[in-house]
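Undergrad: what's the 3D shape of this:
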Amino acid sequence: MKKAILITSLLVLAGGLCFTALFLLPNAHNGSQKLVIHTNASYSQVLDSIEHNNLVRSMFTFNLAARLTLYPRHIRNGKYVFDEGANNLQILRQLYRGQHYPVKFTFNNIRTKEQFIDKVDHHFMFEPEELAALLNDPDFLANYGFNPQNCVAMMIPDSYEFYYNISDTDFVDKMYQYYLKFWTDERRQLAADAGLTPIEAVTLASIVEEENFKEDEKAIIAGLYLNRLQRGMKLQADPTVKFALGDFAKTRIYLIDTQVDSPYNTYLYEGLPPGPIRIPATSTVDSVLHYMPHDYLFMCAKEDLSGYHNFAVTPQEHERNAAKYHKALDKLKVEN
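TA: Numbers count the residues shown, from 1 in each chain. The predicted structure is shown next:
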């Protein structure tokens, strides 16, 4: 009897030691490394990633623990970070639950849709080409009230947090939800009072921001363009010509430049362009919504090249301002 009890005790002790070795001993090796599991990844691919990134101290115990808990049948994609010293039980619980790594995604000062797509690249599991396809798909964007020309108006510059394995469609949907959150009833009413839809307000804000980043002039510039819109005048905004030409570095706009045949060229076509020419900051959108009422119809960069503008009510006054500005450029021999 005593011998049987001893053998049983030894078996229990051995079992306990095995359980401890497999599941409870610290095994996560480096808390700074991430495990990326792609969609439809096989168990062998998961093991290869763990070994390649030196994530655990003992591949043998992890593999055995994983197989005993049937993890190879329950692989979830995502990006995972294990606390240094975590045991196999903690690691496997995390993998089972799909507790993947949240990604902080911040964007601002972006001009084009292509630049936005490039910004997204490497942040998430979906490929940039997949997002590009969605943002150029009229039928998909119509579900949100946008089209390929104006969809960047949906993107509100800020810092966001998404899970790494978010799909391309869910990413767009999340951006749309943030867009709805930004466009409160108050902002929508202010846009309507200015005769604009939210998309038109963002489009106008994109022009205002290209004209000047200086906060103290934005509301004045917005008021000027609204004056022109309300009078049926062409906006004649130089930034729209730069956008049409694909040359944002141009300093001087010549007469031949204003003849480029593009719906974005506000020297040729009345009204706002088909969509934003950049993704404007929220502060610029608010400057449009809180535009400054005045009688200005013309603007020209100041001759001191400070980045500020001279504003005018009449064409004659504007011509005098323009002459002073071009004289300053000539003095510096600025040709482009």
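Undergrad: got the contact list for A312?
TA: Counting by CB atoms under 8 Å, 6 or more residues apart in numbering, A312 makes contact with 296-300, 318, 321. Heads up, the C-betas are built off the backbone N, CA and C, glycines and all.
Undergrad: Repeat the analysis, applying 7 Å as the threshold.
TA: Applying CB atoms under 7 Å, 6 or more residues apart in numbering, we find A312 in contact with 296, 298, 318, 321.
Undergrad: what number of residues lie near the last one?
TA: Applying other CB atoms under 10 Å, we find 19 residues neighbouring N321.
Undergrad: what about it, distance to L255?
TA: Distance of N321 to L255, computed by CB to CB, to the nearest Å: 18 Å.
Undergrad: repeat for the first one
TA: The gap separating Y296 from L255 is 23 Å, by CB to CB.
Undergrad: Looking at those two, which is more packed in?
TA: Just comparing Y296 and L255: by other CB under 10 Å the higher neighbour count belongs to Y296, 20 against 7.
Undergrad: So which residues make contact with whatever helix or strand A133 lives in?
TA: Applying DSSP states H and E as the criterion places A133 in helix 128-135. Helix 128-135 has contacts (CB under 7 Å, 6+ apart) with 113, 117-118, 120-121, 140, 148, 151, 168-169, 171-172.
Undergrad: Give me the buried entries from the residues you listed.
TA: 113, 117, 120, 140, 148, 151, 168, 171-172 (16 or more other CB atoms under 10 Å).
Undergrad: Make CSV from those and add secondary structure, pLDDT and distance to V103 to it.
TA: Compiled in CSV, the buried ones among the contacts of helix 128-135 are given as follows (DSSP: H, G, I helix; E, B strand; the rest coil; pLDDT from 0 to 100; distance: CB to CB, whole Å):
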residue, secondary structure, pLDDT, distance to V103
K113, helix, 96, 21
I117, helix, 97, 16
V120, helix, 94, 10
F140, helix, 98, 23
P148, coil, 98, 26
C151, helix, 98, 22
D168, helix, 95, 14
F171, helix, 97, 11
V172, helix, 98, 16
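Undergrad: how about the nearest residue to Q259 once chain neighbours are set aside, secondary structure?
TA: Among residues not flanking Q259 along the chain, L268 sits closest, at 7.3 Å (CB to CB, 6 or more residues apart in numbering). Assigned state for L268: coil (three-state reduction, DSSP: H, G, I helix; E, B strand; the rest coil).
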